[in-house]
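J.: what follows is a predicted protein model with its sequence.
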Amino acid sequence: MSTAQLPAREIPGEHGLPFFGPIKDRFSYFYSQGELKYFTTRMDKYQSTVFRCNMPPGPFMARDPRVVCLLDAVSFQTLFDTTKVDKRDVLDGTFMPSTAFTGGYRTCAYLDPSEPNHAILKGFFLSILAKKHDQFIPLFRQAMSGLFTGLEGDLAAKGSSSFNDLNDVMAFEFVFRLLCGVGPSETGLGPDGPKSMDLWLFGQLSPLMTLGIKYVPGFLEDFFLHNFPIPFFLVRSYYSKIYAAFEKNAGKLLEEAEELGLQRDEACHNLVFLAGFNAYGGMKAVFPALIKWVAAAGADLHRRLAAEIRAAVKEKGVTPAALNELTLTKSVVYEAMRMEPSVPYQYGRAKKDFEIRNHENCFSIKKGEMLFGYQAMATRDPRIFERADEFVAERFVGEGEKLLKYVYWSNGRETDEATVENKQCPGKDLVVMLCRLMLVDFFLRYDTFEVESGKLLLGSSVTFKSLTKYANY
């Protein structure tokens, strides 16, 4: 049904009293209700997947906390249309960290495609990935070997192993080697790269988090964490080490950036942001989520994945051709991304007056309004996906591939390509390949496994409780 055929409806919802309304909503979002209930109760109240509300952090740090919330797979797609929405400075939504964290520059992720530097910087990133494509598999497998050794050693010594800790080391090792050509241990960073990145990330994202510290009342944490941004000087020394390591070891890439017309320091700060915020930060979320959902699916899925993977690798080796033949494995990766998108939020400010639709109605959006989409609900839209809240391993096999256009983890449809004209993740295809590769190397080595999972500041926590090694490994 076209927008013209849908009944028009005024956008329901409210923002409450100035100042007090956003604070009340923030407390509900972080403490009294929690993220999911914050959205579902309002969706039920207004009988609409499109409504008005406030999004944290609120009046002290947000430019304007008022948003139009989009919770279904149809209206959510509006956020990808850069002819309608401005993506300038909305990466973190209603709040933007100080540019001191990025050398005084607004990095590519904060630029709208209409800004001149966006095309130059994103073209630079896409060029890097194209030139280094033959290094993806060997470097990632090299980094994963250390992760597996760590898992086995921890389980033998302690009976459990934190996947997240080992994953952070593996992800930083892979990203740094890919971009700089050496391991972080061979530089001034030593073993402290992941810790330094984590502190730098926390300094930027803390107003959008809750720490959940035991015995600390919610109102006390809320007062300090969501009203006062962490000043850059507290993490300056950590960022300086990271920047120096990239500036020294990524010289060839920075020379290429200068040839494109970028200043060397601007290119380096953007490269660090790409490596730390986009790549490392993304891997901190996406790989634990993948392992969590595959573990929860149980031994029968593990058996089928192992059989598919081992047969393909026996014939073609661990190659792109083999990865592309893994029908079930590919579906499992997409399903994990659907269930737990690594970036759950998307924002955009209306460039003009226009209409959006969900499944039932069309709504008028006014120029300047901030649109917010909660991806973790949009990709579980029951009008699109059967058993939407269940992990269905075969969901994207055969005819199910038609549903890939509703998988949005990369700031775009999975069926779209990242270009300099859009805001889709430049490493979209790389991330999907690495997720497949993680499952390939995992099931070449192990038959099945068990984990316990929980929540972290960024994504899921995963603790391995058992690993059954493949007898023929």
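T.: Received the coordinates, thanks.
J.: what about the residue nearest to residue 330 when sequence neighbours are not counted, distance to residue 294?
T.: Leaving aside its sequence neighbours, residue 330 sits nearest to residue 436 (C-beta to C-beta, 6 or more residues apart in numbering; 6.3 Å). Placement of C-beta: from N, CA and C, glycine included. Separation of residue 436 from residue 294 (C-beta to C-beta, to the nearest Å): 12 Å.
J.: and for residue 359?
T.: 31 Å.
J.: give me the more crowded residue out of the two.
T.: The neighbour comparison of residue 359 against residue 294 (other C-beta atoms under 10 Å) goes to residue 294, with 25 against 14.
J.: state the pLDDT value of the more buried one.
T.: Per-residue confidence (pLDDT) for residue 294: 98.
J.: list the contacts for it?
T.: By C-beta atoms under 8 Å, 6 or more residues apart in numbering, residue 294 lies in contact with 301, 302, 305, 332, 336, 439.
J.: distance from the helix or strand encompassing the fifth one to the middle of the chain?
T.: In this case it means residue 336. Taking DSSP states H and E as the definition, one finds residue 336 inside helix 327-339. Distance of helix 327-339 from the chain centroid (C-alpha atoms, centre = their mean, to the nearest Å) equals 15 Å.
J.: same question for stretch 411-423.
T.: With C-alpha atoms, centre = their mean, you get 15 Å for stretch 411-423.
J.: buried set for the helix or strand of the chain with the lowest mean pLDDT?
T.: Across the helices and strands of the chain, mean pLDDT, DSSP states H and E gives its lowest value to helix 218-225, namely a mean of 89. By neighbour count with 16 or more other C-beta atoms under 10 Å, helix 218-225 contains the buried residues 221, 222, 225.
J.: surely the second one and residue 29 touch.
T.: Pointing back at residue 222 there. No. Using C-beta atoms under 8 Å, residue 222 is not in contact with residue 29; the gap is 10.1 Å.
J.: got the residue ranges for the strands in the stretch 151-300 of the chain?
T.: With DSSP state E, counting those that start in this stretch, the ranges of strands along the stretch 151-300 of the chain come out as 161-162.
J.: and the helices in it?
T.: Here the stretch 151-300 of the chain has its helices, by DSSP state H, counting those that start in this stretch, at 163-180, 193-205, 218-225, 236-249, 251-259, 264-273, 281-297, 299-316.
J.: low-scoring stretches of the chain, by residue?
T.: Scanning the chain for pLDDT under 70 picks out the ranges 1-4.
J.: re earlier: so what's the gap between the least confident helix or strand of the chain and the chain middle?
T.: Relative to the chain's own centre, helix 218-225 is displaced by 26 Å; criterion: C-alpha atoms, centre = their mean.
J.: against which helices or strands is it packed?
T.: Using 3 or more C-beta pairs under 8 Å, 6 or more residues apart in numbering; DSSP states H and E as the contact test, the elements touching helix 218-225 are helix 20-27.
J.: if we can go back for a sec, between the helices of the stretch 151-300 of the chain, which one is closest to residue 60.
T.: Evaluated with C-beta to C-beta, those place helix 218-225 nearest to residue 60, the distance being 10.1 Å.
J.: now the closest residue to residue 207 other than its chain neighbours, what are its backbone angles?
T.: In space, and not counting its chain neighbours, residue 207 is closest to residue 57: 4.0 Å by C-beta to C-beta, 6+ apart. The phi and psi torsions at residue 57 (degrees, to the nearest 10) take the values phi -90, psi -20.
J.: quick one: residue 57 from residue 43, how far?
T.: Distance from residue 57 to residue 43, by C-beta to C-beta: 22 Å.
J.: which one of the two has more residues nearby?
T.: The neighbour comparison of residue 57 against residue 43 (other C-beta under 10 Å) goes to residue 57, with 28 against 19.
J.: the more buried one: what's it in contact with?
T.: 26, 65, 94, 95, 207, 208, 226, 227.
J.: can you do 7 Å?
T.: Shown in contact with residue 57 (C-beta atoms under 7 Å, 6 or more residues apart in numbering): 26, 95, 207, 208, 226.
J.: I'd say the first one and residue 58 touch.
T.: Yes. With contact defined as C-beta atoms under 7 Å, residue 26 and residue 58 form a contacting pair (4.6 Å).
J.: what sits in contact with each of those two?
T.: Among the neighbours of residue 26, those also in contact with residue 58 (C-beta under 7 Å, 6+ apart) are residue 226.
J.: go ahead and confirm residue 468 touches residue 448.
T.: Yes. Assessed by C-beta under 7 Å, residue 468 is found in contact with residue 448 at 4.9 Å.
J.: can you give me the strands for the stretch 301-450 of the chain?
T.: Going by DSSP E, counting those that start in this stretch, the stretch 301-450 of the chain shows strands at 345-350, 354-357, 362-365, 370-374, 446-455.
J.: contact partners of the first one?
T.: It stands for strand 345-350. In this structure, residues lying in contact with strand 345-350 by C-beta under 7 Å, 6+ apart are 79, 84-87, 90, 93, 365-375, 411.
J.: are any of those buried, and if so which?
T.: Among these, the ones that count as buried by 16+ other C-beta under 10 Å are 79, 84-87, 90, 93, 365, 369-375, 411.
J.: between those residues, which sits nearest residue 453?
T.: residue 375 (19.6 Å).
J.: contacts only, for that closest one.
T.: Contacts of residue 375 (C-beta under 7 Å, 6+ apart): 341, 343, 344, 345, 346, 408.
J.: for the last one, give its distance to residue 259.
T.: Using C-beta to C-beta, residue 408 is found at 35 Å from residue 259.
J.: more neighbours: which of those two?
T.: Applying other C-beta under 10 Å to residue 408 and residue 259 shows that residue 408 carries more neighbours, namely 26 against 9.
J.: thought that one was touching residue 378?
T.: Yes. Judged on C-beta under 7 Å, residue 408 makes contact with residue 378 at a distance of 6.3 Å.
J.: next, show the common contact partners of the two.
T.: residue 76.
J.: my read: residue 38 touches residue 26, true?
T.: No. Counting by C-beta under 7 Å, residue 38 sits too far from residue 26 to count as a contact (9.7 Å).
J.: still on that earlier bit, so which elements touch the helix holding residue 336?
T.: helix 281-297, helix 299-316, helix 428-445 (3 or more C-beta pairs under 7 Å, 6 or more residues apart in numbering; DSSP states H and E).
J.: want to throw those into CSV with distance to residue 116?
T.: Formatted as CSV, the helices and strands packed on helix 327-339 follow (distance: least, C-beta to C-beta, whole Å):
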stretch, distance to residue 116
helix 281-297, 26
helix 299-316, 44
helix 428-445, 23
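J.: deepest in the core, which of the ones you listed is it.
T.: Among the helices and strands packed on helix 327-339, helix 281-297 has the highest mean neighbour count (mean count of other C-beta atoms under 10 Å), at a mean of 23.
J.: and it with helix 299-316, angle?
T.: Per axes from the mean of the first three to the mean of the last three C-alpha atoms, to 10 degrees, the angle that helix 281-297 makes with helix 299-316 is 120 degrees.
J.: now do helix 281-297: distance to the chain's middle.
T.: 11 Å.
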